[in-house]
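Asks: structure of the sequence below:
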Amino acid sequence: MKNKYIILLLGALALLIAGMPISHAHEPAQEKDPVNLTPDAQTQLIYNKIHKASGLEFKRPLYVQVDPDYNAWASLFSVTITTGGLNLIGQYPDLYKHQVAYIFGHELGHVLHKHLMSSASPLFNNKISRNNERQADWEGIRIMVDAGFDCHKAVKFEYIFAREYSGFQGPDGTHPDSLERAKSIEHYCNVYTTTGVMPAIIGVEK
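Replies: Next comes the predicted model:
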């Protein structure tokens, strides 16, 4: 029995260190030796503004991982975005800084709401994961607007991504459907920029 608890604790620690991939149904690249690059000045500046707006005291360093997938994630010790993610967003120059800001806000939303801890629980399941993603989407819009970015441009990119790049996970995936997420953040963006008050989170599963 003692060995069983040790195995569970080690598994939980591994999840915390790995972090939660938040980007549309992809897991972080499982490479033996991932290559992390220093962020360019623009990306680092966006991250600095978003981190300040998040209100988090401990500033996790930002890394750019060489990986063709569109992805980003937060861990206990860092925030990482992939070269594939930055390259895809870079195809839409007028949306670039706003979508990157939204992604960073989403990632820090996971940290703010302690989703890394919940993912280490033996009770964690895909429904909880989807609800965590919805909460991080909500937080991402709030943080990016507070940091001075245009959430309407992030919404535009999310619709492009949902319609042209993202596959449907099915009703029991780890993330909500990408089109559902785009519609939800569009609502948050419209309400928050009009009233200054964030609306309730949409689609939470009981």
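Asks: what mean pLDDT does the longest helix anywhere in the chain have?
Replies: Counting residues, the longest helix found in the chain (DSSP state H) is helix 126-146. Averaged over helix 126-146, pLDDT sits at 97.
Asks: give the buried residues for it.
Replies: In terms of neighbour count (16 or more other Cβ atoms under 10 Å), helix 126-146 has its buried residues at 128-146. Every residue, glycine included, has its C-beta placed from N, CA and C.
Asks: same deal with stretch 188-205?
Replies: So, applying 16+ other Cβ under 10 Å, buried residues of stretch 188-205: 188-189, 192, 202.
Asks: what's the farthest-apart pair in those residues?
Replies: Y192 and I202 (13.2 Å; Cβ to Cβ).
Asks: list residues touching both of these two?
Replies: Common neighbours of Y192 and I202 (criterion: Cβ atoms under 8 Å, 6 or more residues apart in numbering): none identified.
Asks: quick check: buried residues in stretch 86-104?
Replies: Counting neighbours by 16+ other Cβ under 10 Å, stretch 86-104 gives 86, 88-89, 95-104 as buried.
Asks: that one: end-to-end distance?
Replies: Stretch 86-104 has an end-to-end distance of 12 Å (Cα to Cα, to the nearest Å).
Asks: quick check: mean pLDDT of that stretch?
Replies: Mean predicted lDDT for stretch 86-104 stands at 98.
Asks: how far does that stretch sit from the chain's center?
Replies: 13 Å (Cα atoms, centre = their mean, to the nearest Å).
Asks: repeat that for stretch 34-46.
Replies: Stretch 34-46 sits 16 Å away from the centroid of its parent chain (Cα atoms, centre = their mean).
Asks: which residues of this structure score low on pLDDT?
Replies: 1-33, 167-170 (pLDDT under 70).
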